[in-house]
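In: Predicted structure and sequence below. I'll ask about it afterward.
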Amino acid sequence: MTYSWKRSPKAGTRLTSLLFGVFLAAVAGTGYLLTAGQGSGPVTLTEDAVDDSAGNLPAFRIETASAAYYLEKTGAGLSSMVDRDGNDWLAFHPEAGSRAGGEFRGFPNAVHQQAGNYFHPKNSGTDTSSTQIERVTRERVTISALSGNGLWRCRYDFHPSWCTFTMTGMPSDKKYWVLYEGTPGGHYEDDDWWMTSESEKHNSLAVSRDGDIPDLEWIAFGDPKLNRAVLLVHHEDDSHPDRYYGMDGQMTVFGFGRKGLTKYLDRTPQRFSIAFVESRNYADISAMARRILAVP
């Protein structure tokens, strides 16, 4: 294994990375980070990043060979998911009144009016959560979050090729959903597409969908100009409704465990993964879903 110095995406930020069990930290303020130069690539964490496109909100930046994720710290939700060409498939920003144009976007946007609003990038309606780095290795970065009222808990596991959100704790009398509210290929367009495990058909984003996605429970979104898709996987199959529709011609609204504004997810732990797949082909996307599901 060889190592190379790489300039930090934000001068003055600090990276914590564990490579082969050895803790390597860049000196804050130098603007340089140490990363692995060969192999499948490490998962690297910048602890005090800023998501410029999300109103300069403080964030963890988790970088892999396939994606750069921004986990906004105050709301404890993903505000950006940037592909290797620089396209942001979430494109959250907090401007009040922007609705589908920015403030509603993100992943997993899980807790909505259920003893608070949590695990959504911070907008005017998001309640505060606290975050904690639990694990940093070459193969995985784990960050947990606790809602400000202490009733909701979750965990993010960032792998080299995907991110898994796990709801780990909840009130017994509440329910949640897990949403992808974003911008396939960087911008929502009606001729973008979605596909689920039940059919190889590419459907226009203008076409809505209601009803449970059968096992394997996955849906993918893409842009016809790109040979790439974003894949959403629910690890634990259920019979709850899943819903997709386009909102105001500006973003996708897809929810595991959602029908209208009703939430159906009522158990923990439950795992949901998001990943880029460098293909639009059904077989390739399905294979990636199976790969994700095979990892504990």
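Out: That came through, no problem.

In: so where does residue 157 fall, helix or strand?
Out: Secondary structure assignment for residue 157, by DSSP states H and E: strand 153-158.

In: Mind listing residues that contact that strand?
Out: 43, 45, 62, 64, 69, 71, 76, 108, 110, 119, 134, 140-147, 163-170 (CB atoms under 8 Å, 6 or more residues apart in numbering). C-beta: built from backbone N, CA, C; applies to glycine.

In: Of these, keep whichever come out buried.
Out: Burial by neighbour count, judged by 16 or more other CB atoms under 10 Å, picks out 43, 45, 62, 64, 69, 71, 76, 108, 110, 119, 140-147, 163-168, 170 from those.

In: can you map out the helices along the stretch 151-296 of the chain?
Out: Applying DSSP state H, counting those that start in this stretch to the stretch 151-296 of the chain gives helices spanning 282-293.

In: In space, what's closest to residue 292 - neighbours in sequence excluded?
Out: For residue 292, ignoring the flanking residues on the chain, the nearest one in space by CB to CB, 6 or more residues apart in numbering is residue 273 at 4.9 Å.

In: So what's the residue count around the one you found?
Out: Neighbourhood size, residue 273 [other CB atoms under 10 Å]: 23.

In: Beta-bridge partners for it, please?
Out: When bridges are called by DSSP bridges, residue 273 pairs up with residue 164, residue 233.

In: Ok, residue 130 next?
Out: Judged by DSSP bridges, the bridge partners of residue 130 are residue 146.

In: ok so, going back, return the list of strands paired to the strand holding residue 157, each annotated with direction.
Out: Under the rule (DSSP bridges), strand 153-158 has strand 141-147 (antiparallel), strand 163-169 (antiparallel) as partners.

In: mean confidence for it?
Out: What strand 153-158 shows for mean pLDDT is 98.

In: In space, what's closest to residue 56 - neighbours in sequence excluded?
Out: residue 50 (5.2 Å).

In: Check the gap between that neighbour and residue 59 for me.
Out: In this view, residue 50 and residue 59 are 6 Å apart by CB to CB, to the nearest Å.

In: Please say which of the two ends up with more neighbours.
Out: Shown here are residue 50 and residue 59; by other CB under 10 Å, residue 59 has more neighbours (26 against 18).

In: so where does that one fall, helix or strand?
Out: Using DSSP H and E, residue 59 sits in strand 57-63.

In: Direction included, what does that strand pair against?
Out: Sheet partners assigned to strand 57-63 using DSSP bridges are listed as strand 44-51 (antiparallel), strand 68-72 (antiparallel).

In: what's the average pLDDT for the first one?
Out: Translated: strand 44-51. Across strand 44-51, pLDDT averages out at 97.

In: buried ones in that strand?
Out: Going by neighbour count (16+ other CB under 10 Å), the buried part of strand 44-51 is 44, 45, 46, 47, 49, 50, 51.

In: Report the spatially nearest residue to the third one, omitting neighbours in sequence.
Out: This means residue 46. Counting by CB to CB, 6+ apart, residue 61 is the residue found nearest to residue 46 once chain neighbours are left out, at 4.1 Å.

In: Quick check, the one you found in contact with residue 49.
Out: Yes - in this structure, residue 61 is within contact of residue 49 by CB atoms under 8 Å, at 3.7 Å.

In: What ranges in the stretch 1-150 of the chain fall below the confidence cut-off?
Out: 1-40 (pLDDT under 70).

In: For it, just list every one of the strands.
Out: 3-7, 15-19, 22-25, 32-36, 44-51, 57-63, 68-72, 77-82, 129-136, 141-147 (DSSP state E, counting those that start in this stretch).
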